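Peer 1: Structure for this input, please:
(2 chains)
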Protein chains: 2
Amino acid sequence: MQTFLDCVPCLLRQTIEACRMVGTDVEVQETVVRQVLESLSGSDFSQPPPRQAQSIHRLIRELTGQKDPYQKIKKRFNLLAFGLLTDLEQKVAQAPQPMATAVRLAIAGNVIDMGITGTLEDAQIHEAIRHALAYPLQGDLDQFLAAVAKAQRILYLADNAGEIVFDRLLLQQLPLERVTVAVKGAPIINDATVEDAVFAGINQMATVIDNGTDAPGTLLSECSETFLRHFNQADLIIAKGQGNYETLSDVPKDIFFILKIKCPVIARDLGGAVGDLILRRSQHQ
Amino acid sequence: MQTFLDCVPCLLRQTIEACRMVGTDVEVQETVVRQVLESLSGSDFSQPPPRQAQSIHRLIRELTGQKDPYQKIKKRFNLLAFGLLTDLEQKVAQAPQPMATAVRLAIAGNVIDMGITGTLEDAQIHEAIRHALAYPLQGDLDQFLAAVAKAQRILYLADNAGEIVFDRLLLQQLPLERVTVAVKGAPIINDATVEDAVFAGINQMATVIDNGTDAPGTLLSECSETFLRHFNQADLIIAKGQGNYETLSDVPKDIFFILKIKCPVIARDLGGAVGDLILRRSQHQ
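Peer 2: Residues are numbered from 1 along each chain as shown, chains lettered A, B, ... in the order given. Model (predicted):
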């Protein structure tokens, strides 16, 4: 998916929020914002928004001297999600359709996205869980079940810290011996890295790899050889979150995108509405 | 008031909305956005937001070839407001405190601000009227009444088209022989120009001048000599809307700002909340 003009103000809002999270003074924030403005003025809008975000957050890390501005918030949401896990596992176990409930809860975790909002209260997580269990799941659940049953190699592209604990619920419904879970190769916004996968215990459930990049999505042209081998050999990709959708929606591969729609641009692209719970098979498989 | 970092994404949103209103194709819109990004990256943030908006809208007019992109919308809201006038005049006449009700309704009209939102439905005007009559008026009404009673020369700085029809209600409560009404010198967003003042019949009530500029506020350093003479000789200034607040909040003059708070930056600066109805005497008179 390309970068749309509406992404531009949003990327600037994200820039300001990230600077504030780091706790820099206003002068540094202004320097960052000016450089981001300059950079965006000449950037390639045919590239997806995560490519722009990658450049922006590299700038933020460089100018603020903070290698991982979202470290604290990642830990906070990992802990919060872990505290909910037993209860959520029970919800899945008791559900008439455990896979559907696991998908819904994996989508609930997708609300933990600091690219969308610089602040997130614990109550919003609880509300997201209630919402995900109550609202229609828009998508191709039967196709998903069939693809999972048939797949020999499943690659699960995780999205954010905190959210990755919710992903355990969905992973538990998959044939884990055939699943590899991929996280980001370096800190970017609050995206999950290997550290978060280990915290969530994912490495005790399935093979965990990283994609070798610091983009908040999956920019194949930048991913490591190891990741690309897994990606190319997989006959089913499960891609969590907007960033993975934005970077992979045009890739000819059997991908199921699982996400909550959190912005009008994605809503338009998916033909849905903000808030929708999405399980969508790629148009290009 | 300076331009805060939070104004930057908002100015870009306004840029995109203005381009769409003009109906240009996406390529022209992208050119405008890139030039605005470039321009903002080097702009002077100690200047108020209307200075940035002035540059941006000059760019939009130049690149789209449209001298007055908001012409249609200005006419639409002038007509809409005019249709409400008789009813609103009755509301003022029947009110226990006509001046307070006139101020409230003048604030209701301040919702017609295309700098804040690119779309505005008729129903939102009706809702703004209900809101303005029901919610607390925050400010210095007694001081305002005293200042009006004492003033020899009152300069009323109008804000937007449509809104200027609502201003009639407040003007009718003033000693009109001592009042001059100033509008903008050239089209800028949906700000009122002489054409709108004439449509609203303001020229039959008081002296009407323009300020000689195309800024969505009052940038004194750019205003015409005629306007500055009126400004300097006035012993009471009534300034409508956020743009006039942003450009005059630090000017040492007896100014009453009358506005609805429509953004978090102004809310913080005024110590209020978005939606508040404000009648505030300048701190610097």
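Peer 1: where does the nearest residue to A:G115 once chain neighbours are set aside fall, helix, sheet strand or coil?
Peer 2: For A:G115, the nearest residue in space outside its immediate sequence neighbours is A:I189; the separation is 4.9 Å by CB to CB, 6 or more residues apart in numbering or on different chains. For every residue, glycine as well, the C-beta is placed using N, CA and C. What DSSP: H, G, I helix; E, B strand; the rest coil gives for A:I189 is coil.
Peer 1: what's near enough to touch A:I189?
Peer 2: Taking CB atoms under 8 Å, 6 or more residues apart in numbering or on different chains, we find A:I189 in contact with A:Q14, A:A18, A:A53, A:H57, A:Y70, A:D113, A:M114, A:G115, A:N160, A:P216.
Peer 1: where does the stretch 151-285 of chain A dip in pLDDT?
Peer 2: A:285 (pLDDT under 70).
Peer 1: swap the cut-off to 90 and go again
Peer 2: For the stretch 151-285 of chain A, the stretches with pLDDT under 90 are A:283-285.
Peer 1: Among the contacts of A:I189, which has the minimum pLDDT value?
Peer 2: Lowest pLDDT of those: A:G115, 71.
Peer 1: Surely that residue and A:C263 touch.
Peer 2: No - contact between A:G115 and A:C263 fails when scored by CB atoms under 8 Å: they sit 9.4 Å apart.
Peer 1: Which one of those two is surrounded by more residues?
Peer 2: Taking other CB atoms under 10 Å in any protein chain shown, A:G115 and A:C263 do not tie; A:G115 has more neighbours (29 against 18).
Peer 1: give me every residue that touches that one.
Peer 2: Taking CB under 8 Å, 6+ apart as the criterion, A:G115 is in contact with A:Q14, A:A53, A:I189, A:N190, A:P216, A:Q242, A:G243.
Peer 1: Compile these into JSON lines and extend it with columns for secondary structure.
Peer 2: Converted to JSON lines, the contacts of A:G115 look like this (three-state DSSP):
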{"residue": "A:Q14", "secondary structure": "helix"}
{"residue": "A:A53", "secondary structure": "helix"}
{"residue": "A:I189", "secondary structure": "coil"}
{"residue": "A:N190", "secondary structure": "coil"}
{"residue": "A:P216", "secondary structure": "coil"}
{"residue": "A:Q242", "secondary structure": "helix"}
{"residue": "A:G243", "secondary structure": "helix"}
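Peer 1: Among these, name the buried ones.
Peer 2: Applying 16 or more other CB atoms under 10 Å in any protein chain shown to those, the neighbour count classes A:Q14, A:A53, A:I189, A:N190, A:P216, A:Q242, A:G243 as buried.
Peer 1: Could you list the buried residues of stretch A:62-81?
Peer 2: By neighbour count on 16+ other CB under 10 Å, the buried set for stretch A:62-81 is A:L63, A:T64, A:Q66, A:P69, A:Y70, A:I73, A:K74, A:R76, A:F77, A:N78, A:L80, A:A81.
Peer 1: Pretty sure the first one sits against A:E30.
Peer 2: No - assessed by CB under 8 Å, A:L63 is found out of contact with A:E30, at 10.5 Å.
Peer 1: Strands of chain A, residue ranges please.
Peer 2: Assigned by DSSP state E, chain A shows strands spanning A:137-139, A:154-157, A:179-183, A:207-210, A:236-240, A:255-260, A:277-281.
Peer 1: of all the residues in chain A, which ones are close to chain B?
Peer 2: Contacts of chain A with chain B, taken as CB under 8 Å from any CB of the partner chain, map to A:5-6, A:8-10, A:12-13, A:16, A:26, A:29-30, A:33-35, A:37-38, A:40-42, A:45.
Peer 1: which among the residues you listed end up buried?
Peer 2: The neighbour-count test (16+ other CB under 10 Å) applied to the residues of chain A next to chain B identifies A:5-6, A:8-10, A:12-13, A:16, A:29-30, A:33-35, A:37-38, A:40-41, A:45 as buried.
Peer 1: Can you give me the first-to-last residue distance of stretch A:272-281?
Peer 2: With CA to CA, to the nearest Å applied, stretch A:272-281 spans 14 Å between its terminal residues.
Peer 1: What of stretch A:207-215?
Peer 2: Across stretch A:207-215, the straight-line distance between its terminal residues is 21 Å, by CA to CA.
Peer 1: Tell me which residues are up against that stretch.
Peer 2: The list of residues contacting stretch A:207-215 from outside it, by CB under 8 Å, 6+ apart, reads A:50-51, A:53-54, A:57-58, A:157, A:179-188, A:193-194, A:197-198, A:202, A:218-219, A:222-224, A:226-227, A:230, A:243, A:247.
Peer 1: Show me what counts as buried in it.
Peer 2: Counting neighbours by 16+ other CB under 10 Å, stretch A:207-215 gives A:V208, A:I209, A:D210, A:N211, A:G212, A:T213, A:D214, A:A215 as buried.
Peer 1: Make JSON lines out of these and add distance to B:G109.
Peer 2: Output for the buried residues of stretch A:207-215, formatted as JSON lines (distance: CB to CB, whole Å):
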{"residue": "A:V208", "distance to B:G109": "60"}
{"residue": "A:I209", "distance to B:G109": "60"}
{"residue": "A:D210", "distance to B:G109": "57"}
{"residue": "A:N211", "distance to B:G109": "54"}
{"residue": "A:G212", "distance to B:G109": "57"}
{"residue": "A:T213", "distance to B:G109": "52"}
{"residue": "A:D214", "distance to B:G109": "50"}
{"residue": "A:A215", "distance to B:G109": "47"}
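Peer 1: quick check, nearest of those residues to chain B?
Peer 2: Proximity to chain B was ranked across these by CB to the nearest CB; first place goes to A:A215, at 21.2 Å.
Peer 1: Could you check how far the residue lying closest to A:Q233 once chain neighbours are set aside is from A:T207?
Peer 2: Take A:Q233 and drop its neighbours on the chain: the residue closest to it by CB to CB, 6+ apart is A:R153, 5.5 Å away. Using CB to CB, to the nearest Å, we find A:R153 at a distance of 10 Å from A:T207.
Peer 1: what's A:S55 in contact with, if anything?
Peer 2: Per CB under 8 Å, 6+ apart, neighbours of A:S55: A:S39, A:S43.
Peer 1: now with 7 Å?
Peer 2: Listed by CB atoms under 7 Å, 6 or more residues apart in numbering or on different chains, the contact set of A:S55 reads A:S39.
Peer 1: how much space between it and A:V32?
Peer 2: With the distance defined as CB to CB, A:S55 ends up 12 Å from A:V32.
Peer 1: Likewise for A:L88?
Peer 2: With distances taken as CB to CB, A:L88 is found 38 Å from A:V32.
Peer 1: do the same with A:L279
Peer 2: Applying CB to CB, one obtains 37 Å for the distance of A:L279 from A:V32.
Peer 1: Next: A:F45.
Peer 2: Applying CB to CB to A:F45 and A:V32 gives a distance of 21 Å.
Peer 1: now swap in A:E177 and tell me
Peer 2: Distance of A:E177 to A:V32, given as CB to CB: 45 Å.
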